[in-house]
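Novice: how would this look folded up:
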Amino acid sequence: MTSLDRTPVHIITGFLGAGKTTFLNHFIRERLPERIMVIENECGDTNIDGGLVIDGVEEVIELSAGCLCCSLADGLLDVLEEAAKRRDQYDRLVIETTGIADPGSIIQVFLEDPRVEQVFELAQVICLADAGLLEEWLDETEEALRQLALADAILINKTDTVSHAYVPQIKSLVENINPHASVFTGAQGVFTVAEIMKTSTTMPRSIGNVHSHEHHHHEHETNSHRITTFTLTFPHPLDLNHLSLDLNRIVNLYRHQVYRVKGIIAIPHYPNRVVLQSARSTFIATDGAPWQERDAREGKLVFIGRGLKRKVFEKMFNRHIVETNE
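Specialist: A predicted model of the protein is given here:
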């Protein structure tokens with residue numbers, strides 16, 4: 001089954017009060033006349049947000065048993081199985097997570113589970129951020145950091161609630177945490193959906209232009225949220241079979257430190273780029289665009305996490321470089 005045959009899926013995340021449901025309604029209006037099915041998730045017995053989604057959406061499925069990230073086996077997979085049987089009834093699937101969710105497990109389902117991958121294509125992960133409260137949430141919770149780190153598009157919402165001078169500061173903060181995401185600013189949940197749709201979970205933004213660097217998130221005296229981002233560049237192909245062993249080591253030894261790894265690599269005698277990305281407890285390798293004859297076949301991987309030591313990962317990956325005459 002080609003990507004054209006699969007149903008695109010958008011995950012909307014963001015911490016409490018960031019404006020996810022307001023943006024979802026805007027997204028639905030902008031995509032008309034498309035038919036959109038929505039999966040709403042809320043922790044607790046009552047899903048209030050489900051009643052706030054505008055009329056005209058194909059269907060809203062409410063999951064109120066708990067966070068998707070905590071109950072995947074009983075919740076999301078069952079819903080996706082049912083949704084797969086009714087694919088002719090809608091054109092696009094949107095999942096709005098609870099505000100306190102770490103979306104890593106949800107992403108993993110779409111990238112790793114072959115039953116899901118045959119039917120659904122994860123198009124993008126969108127994270128809403130409240131311009132006035134983002135720094136506070138980052139200081140108080142790990143999940144807010146992970147939501148930003150896992151996003152393909154970050155929407156800084158409610159910019160009308162802060163000073164004009166503060167908006168560039170919060171945008172710079174977000175870009176430092178996640179240098180491969182596309183960052184948009186807006187108010188009242190209104191953003192240019194057509195531009196957001198150009199981002200993709202398998203096409204890192206300007207990956208070739210992201211330079212190696214380290215950024216430290218806005219630090220207080222306690223140094224409570226040190227975020228490290230850096231890019232590793234590989235001028236030659238990598239042996240993916242041997243590299244797999246070290247990828248397993250990363251998710252087992254560094255899973256609480258590594259929030260996201262994403263980029264492209266070349267492998268010997270293979271015509272396509274390989275998109276390599278982490279999803280919680282595993283690494284996923286998928287086909288990317290073909291290499292052209294003029295291409296340098298250079299690999300680049302962006303790492304985002306807490307207190308990561310660049311040299312450790314550089315050494316780990318460099319020992320799998322294969323020098324060829326390609």
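Novice: Only C-alpha atoms from now on, for both contacts and neighbour counts.
Specialist: Noted.
Novice: Just give me the longest strand of this structure.
Specialist: strand 120-130 (DSSP state E).
Novice: So what are the sheet partners of that one and their directions?
Specialist: strand 7-14 (parallel), strand 153-157 (parallel) (DSSP bridges).
Novice: Now do the same for stretch 136-153: mean pLDDT, whole number.
Specialist: Stretch 136-153 carries an average pLDDT of 87.
Novice: what's the spacing between that stretch and its chain's center?
Specialist: Offset of stretch 136-153 from its chain centre (Cα atoms, centre = their mean, to the nearest Å): 11 Å.
Novice: Give the buried residues for that stretch.
Specialist: Buried positions in stretch 136-153, judged by neighbour count with 16 or more other Cα atoms under 10 Å: 137-139, 143-153.
Novice: between those residues, which is nearest L247?
Specialist: L150 (17.9 Å; Cα to Cα).
Novice: after the least confident helix or strand in the chain by mean pLDDT comes which helix or strand?
Specialist: The weakest-scoring helix or strand in the chain, judged by mean pLDDT, DSSP states H and E, is strand 59-63 (a mean of 56). Next in sequence after strand 59-63, counting helices and strands by DSSP states H and E, comes helix 76-85.
Novice: Flag every buried residue along that following helix.
Specialist: L76, L77, L80, A83, A84.
Novice: Against I106, how distant is the second one?
Specialist: Counting by Cα to Cα, to the nearest Å, the gap from L77 to I106 is 10 Å.
Novice: how far does stretch 253-272 sit from the chain's center?
Specialist: 14 Å.
Novice: Show the end-to-end separation of it, please.
Specialist: Terminal-residue distance, stretch 253-272 (Cα to Cα): 30 Å.
Novice: mind listing what's buried in it?
Specialist: In stretch 253-272, counting by 16+ other Cα under 10 Å, buried: 255, 257-268, 271-272.
Novice: doesn't H10 make contact with F120?
Specialist: No. The criterion here is Cα atoms under 8 Å, and F120 misses it with H10 at 10.3 Å.
Novice: how near is the closest residue to G19 other than its chain neighbours to Q147?
Specialist: Nearest in space to G19, with sequence neighbours left out and distances taken as Cα to Cα, 6 or more residues apart in numbering, is G189 at 6.1 Å. From G189 across to Q147, the span is 18 Å (Cα to Cα).
Novice: Give me the number of neighbouring residues for T21.
Specialist: 22 (other Cα atoms under 10 Å).
Novice: any idea which element it lies in?
Specialist: Using DSSP H and E, the element containing T21 is helix 20-31.
Novice: for I39, same thing?
Specialist: Using DSSP H and E, I39 sits in strand 36-41.
Novice: Report all helices and strands that that strand contacts.
Specialist: With contacts defined as 3 or more Cα pairs under 8 Å, 6 or more residues apart in numbering; DSSP states H and E, the packing partners of strand 36-41 are strand 59-63, strand 92-96.
Novice: So which other helices or strands are in contact with the helix or strand hosting D246?
Specialist: In the assignment (DSSP H and E), D246 maps to helix 240-253. Under the contact criterion of 3+ Cα pairs under 8 Å, 6+ apart, helix 240-253 touches strand 283-290, helix 310-318.
Novice: got the residue ranges for the strands in the stretch 151-300 of the chain?
Specialist: Assigned strands in the stretch 151-300 of the chain, in chain order: 153-157, 182-185, 227-234, 258-265, 272-278, 283-290, 299-306 (criterion: DSSP state E, counting those that start in this stretch).
Novice: Please identify the pairing partners of the last one and their relative orientation?
Specialist: The one in question is strand 299-306. Partners of strand 299-306 in its sheet, by DSSP bridges: strand 227-234 (antiparallel), strand 258-265 (antiparallel).
Novice: Adding distance to T161, write the ones you listed out as CSV.
Specialist: CSV is the format used below for the strands paired with strand 299-306 (distance: least, Cα to Cα, whole Å):
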stretch, distance to T161
strand 227-234, 26
strand 258-265, 29
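Novice: E298 reaches G263, doesn't it?
Specialist: No. E298 is beyond contact range of G263, at 10.9 Å (criterion: Cα under 8 Å).
Novice: that older thread, quick one: the longest strand of the chain to chain centroid distance?
Specialist: That offset, for strand 120-130, works out to 6 Å (Cα atoms, centre = their mean).
Novice: Quick check: which ranges of the chain have low pLDDT?
Specialist: Confidence mapping of the chain against pLDDT under 70 gives the ranges 1-4, 41-74, 100, 202-226, 279-280, 324-326.
Novice: Turn the strands of the stretch 151-300 of the chain into JSON lines, columns for distance to G99.
Specialist: Listed next are those as JSON lines, based on distance: least, Cα to Cα, whole Å:
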{"stretch": "strand 153-157", "distance to G99": "14"}
{"stretch": "strand 182-185", "distance to G99": "19"}
{"stretch": "strand 227-234", "distance to G99": "21"}
{"stretch": "strand 258-265", "distance to G99": "18"}
{"stretch": "strand 272-278", "distance to G99": "22"}
{"stretch": "strand 283-290", "distance to G99": "25"}
{"stretch": "strand 299-306", "distance to G99": "20"}
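Novice: Since that was my last question, I'll sign off now.
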